[in-house]
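In: here is a sequence together with a model predicted from it:
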Amino acid sequence: MALYAQKYYKGDVLKKFIYLLLFTCLFLSWPTKILADDTLGPTGDLVKIAQDLGYQVTEHYKPKSSIVIDAKDGQILWQDNPDEIRNPASMSKLMTMYLVFEAINQGKFSMESTVTASKLDQDISKLYAVSNASIVAGVDYPVKELATMTLVPSSNVSTIMLGNLVAEGDSGKFVDLMNAKAEEIGMANTHFNNAGGAEAIAFSGLYNPEGYDPYKGNATTARDFAILAYHILKEYPQVLDFTSQALATTMKGTPYEDSFENYNYSLPGTKTGAAYGYVGVDGLKTGSSPEGAYNYTATCNKDGMRVIEIIMGVGDWDDEPSEFIRHLFGNALLDKIYADYAMTPLLSPGESIINDQKITVNQELRAVTKKEAKPSFKTENNQLILSNALPLVGKNFSPIATTYSKPKSNLTKKSYQAAKEPVAKTSNLSLYLLAGLLAISLLLILLACLLFKL
């Protein structure tokens, strides 16, 4: 009986030991996969970064959320709380303009088409509580002029007029279109309740999108707005014709002529924000509200590399310096990004040796990379894919890749296997960890077997 109990005990111990060993192997191998496939983009203390670069900022004004992506492929170059839900305020007007450009592209109207202002439009334009431009009932306003009013002085009445043009006078339907477009392009944490960023209740009953709570503002994230800015720049780069204007004049040569200064003080050439101009910045939109504080969507094209940055939640609504300090943080991030990254030619058209196989690259491959970083590639579905690219800002973004062909006669046995069963490269450290783990596992199993025999 004692001998049976001893054997049973040893067998039970061995079984538990093997289960524990298998669990340990699985646990240790999981982080390796995460590090290889799902590495987070670089983060850091933005206040310290800005201070080290010589910008006069304090912790009090630190943005609640920020992100920087490259405008070519959507790689994340910086992120800090990019998925925190925030109120974008007047940055919402970018979605309105996205839909305006789309409607123009579909042939529904043109920049030269006119909108006749109504008495309601005129009354909205006189509301002090929301940012506006002067509108006079009965006057025909070209779409181009309304777009300038929307993107430069952030006029709410021009935004509503454009939305009504797209949605045939139905303000609720236009907000439906905004939300549908947000879902389509992958803005997973965004919901619009109005066209321009100001809650409908602020319009004293003059603006009521049907089906939406008039007391609620719009909600989004820095990541989602980076996705929006990416798409509008890719699909309708003419948006920069408007957002790059530091000073703009509308209805020039008419009795309704008016001039405005851009609130994006990182644009070179503004008078109020002359000290904040950053060479290369040419858009896009600012926004501020009591709930959202001070926000800022910008794009910069410098050294052959265009980036998009989103800064959200700087300071407080009732603290005037916050309006300017958001641009100090934005400029500091641009300094850091352009110091750390560059647009890099990775492959030229023609023959190359990739992963021990001779291939012919059909098109040049360029991408934003960390300076002095060495690219690695994998082959998949007749594409040569950059396997050590930075994380992409959204799930709908395509990997950085180019097409290739290969002469079968030049394939070695090793390269044939690589082409037949392509596997993304992992780091040397990951391979060493896996090899060491396997060796230790085999040794422990051997010891356990010897123990069982004893």
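Out: Alright, I've got the coordinates. Numbering: from 1, shown residues only.
In: got a list of what the closest residue to Ala188 other than its chain neighbours touches?
Out: The spatially closest residue to Ala188, leaving aside those adjacent along the chain, is Asp224, at 6.9 Å (CB to CB, 6 or more residues apart in numbering). Where C-beta positions appear, they are placed from N, C-alpha and C, glycine not excepted. Taking CB atoms under 8 Å, 6 or more residues apart in numbering as the contact definition, Asp224 lies against 182, 187-190.
In: Leu177 is in contact with Phe192, correct?
Out: No: contact criterion CB atoms under 8 Å: Phe192 and Leu177 do not qualify, at 9.4 Å.
In: more neighbours, the two?
Out: Neighbours per residue, other CB atoms under 10 Å: of Phe192 and Leu177, the larger number sits with Phe192, 28 against 21.
In: for the more buried one, phi and psi?
Out: Recorded main-chain torsions at Phe192 are phi -100, psi 140, according to degrees, to the nearest 10.
In: quick check: it vs Gln238, distance?
Out: 23 Å (CB to CB, to the nearest Å).
In: so who does the residue nearest the centre of the chain touch?
Out: With the centre of the chain defined as its mean C-alpha position, the nearest residue by CA atoms, centre = their mean is Ala226, 2.8 Å away. Each residue near Ala226 by CB under 8 Å, 6+ apart is listed here: 67-69, 74, 82, 308-310, 393.
In: turn these into a markdown table, columns for distance to Leu162 and pLDDT.
Out: Rendered in a markdown table, the data for these read as follows (distance: CB to CB, whole Å; pLDDT from 0 to 100):
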| residue | distance to Leu162 | pLDDT |
| --- | --- | --- |
| Ile67 | 27 | 98 |
| Val68 | 29 | 98 |
| Ile69 | 27 | 98 |
| Gly74 | 27 | 98 |
| Pro82 | 29 | 97 |
| Ile308 | 23 | 98 |
| Glu309 | 26 | 98 |
| Ile310 | 23 | 98 |
| Val393 | 27 | 97 |
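In: tell me the secondary structure for Trp78?
Out: Local secondary structure at Trp78 is given as strand here, using DSSP: H, G, I helix; E, B strand; the rest coil.
In: let's number from 33 now, not from 1
Out: I'll keep to 33 as the first residue from here, and by that count the last item is Trp110.
In: now for it, how many residues are close by?
Out: 22.
In: beta-bridge partners for the residue nearest to it when sequence neighbours are not counted, please?
Out: Here the nearest residue to Trp110 in space, its sequence neighbours aside, is Val100; by CB to CB, 6+ apart that works out to 4.0 Å. Counting by DSSP bridges, Val100 is bridged to Trp110, Glu341.
In: from memory Val100 sits against Ile340, does it?
Out: Yes: distance between Val100 and Ile340: 7.0 Å, which falls inside the contact criterion (CB under 8 Å).
In: can you map out the helices along the stretch 383-486 of the chain?
Out: Ranges of helices in the stretch 383-486 of the chain, per DSSP state H, counting those that start in this stretch, are 445-452, 460-485.
In: mean pLDDT lowest where, among these?
Out: When the helices of the stretch 383-486 of the chain are ranked by mean pLDDT, helix 445-452 comes last with a mean of 38.
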